[in-house]
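Participant: Structure of the sequence below:
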Amino acid sequence: MLLALLLRDKFEPSNESLKTCKWSLIPAIIAIGFVETNIIAFAILNQIVALRKYQFNPFLLEILAFISYCLVLILSFTLLRYGYKVSIIGVFQLRLNLLPFILKIGAILSIVNILSIYFLDLNIMAGPLKGGLELIKSMRPKTFVLFGFVTIILAPIVEEIVYRGLLYVPLHRKIGRYGAIILSALVWSYVHHFPSLLAIIGTFIFGLILGWLYDRSGSLVPPIIFHAFKNSWILVYYFR
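Facilitator: Purely as a prediction, here's the structure:
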């Protein structure tokens, strides 16, 4: 991203909504750096808890995730509102006029995923690693409610604002449509820090779809809804 920041703008989005997004890569770099710092801090905290043999508290972890996402949302709003004098709702076209389109995609993928789970015992929409699956199943109701809110509602909104909203259009102007879709998906996959190569590949492919949805529509609503829809399949593992 730092190298891309030095490149001149050579391309212009064909979508009229995306043409109104005039900020540079700096807000995205700041926001993503903040996300990365928090992820590292959570990892260190978990290690301290493990080394000192304190009882692991998943509810506290979800509280920290909730606070972190809220801070990223506030930071993104502040950078755009006061740095570039734009409204998040206006510039990202946060309207529901494209809801029928995304519901059709969701319905098709639901059928495919249900058949995959039934015949192959494989959830292609959301497959946590073994340790994550055990953690989900061990959650108490209040912890799972908070986990569900963060995972299904808050995370899609915040991550799409940062990785598709703040990051995609400045990249599009510098390296073109396909380069921006690929690089934004790579950055998004990297920040998730999955230890499994298969999980990283799956996340990257999902990021390509989200980038394509934003490029096609010029609105963050389709990728947010699709992201939330994909994450909602995590409920299958709690209620199985």
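Participant: Got the confidence number for residue 58?
Facilitator: On the pLDDT scale, residue 58 is placed at 72.
Participant: what's around it, how many residues?
Facilitator: 16 (other C-beta atoms under 10 Å). Backbone N, C-alpha and C define where each C-beta goes, glycine included.
Participant: That one is in contact with residue 142, isn't it?
Facilitator: No: look at residue 58 against residue 142 with C-beta atoms under 8 Å: they stay out of range, at 10.4 Å.
Participant: And residue 110, how close does it get to residue 171?
Facilitator: To residue 171, residue 110 is 31 Å away according to C-beta to C-beta, to the nearest Å.
Participant: Over to residue 20?
Facilitator: Using C-beta to C-beta, residue 20 is found at 16 Å from residue 171.
Participant: out of the two, which sits in the more crowded spot?
Facilitator: Between residue 20 and residue 171, counted using other C-beta under 10 Å, the more crowded position is residue 171 (25 against 15).
Participant: which non-adjacent residue is nearest that one?
Facilitator: Using C-beta to C-beta, 6 or more residues apart in numbering and skipping the chain neighbours, the partner closest in space to residue 171 is residue 180 (3.7 Å).
Participant: Kindly report the same for residue 177.
Facilitator: residue 215 (6.1 Å).
Participant: contacting residues for the one you found?
Facilitator: For residue 215, the contact set (C-beta atoms under 8 Å, 6 or more residues apart in numbering) comprises 13, 15, 18, 168, 172, 177, 180-181.
Participant: Just the buried residues of the strand or helix carrying residue 172, please?
Facilitator: Here residue 172, judged by DSSP states H and E, is contained in helix 167-192. The neighbour-count check on helix 167-192 (16 or more other C-beta atoms under 10 Å) flags 167-175, 177, 180-185, 187-189 as buried.
Participant: Identify the residue nearest the geometric centre of the chain.
Facilitator: Centroid-nearest residue in the chain: residue 159, 3.5 Å away (criterion: C-alpha atoms, centre = their mean).
Participant: measure it to residue 117 for me?
Facilitator: Counting by C-beta to C-beta, the gap from residue 159 to residue 117 is 25 Å.
Participant: Kindly report the same for residue 104.
Facilitator: Distance of residue 104 to residue 117, computed by C-beta to C-beta: 21 Å.
Participant: Compare those two and say which one has the larger neighbour count.
Facilitator: Using other C-beta under 10 Å as the criterion, residue 104 and residue 117 rank with residue 117 on top: 16 against 10.
Participant: now residue 146, nearest residue through space, not along the chain?
Facilitator: residue 62 (4.5 Å).
Participant: My read is that that neighbour contacts residue 147, right?
Facilitator: Yes: using C-beta under 8 Å, residue 62 makes contact with residue 147 at a distance of 5.1 Å.
Participant: helix/strand/coil for residue 8?
Facilitator: Recorded secondary structure, residue 8: coil (DSSP: H, G, I helix; E, B strand; the rest coil).
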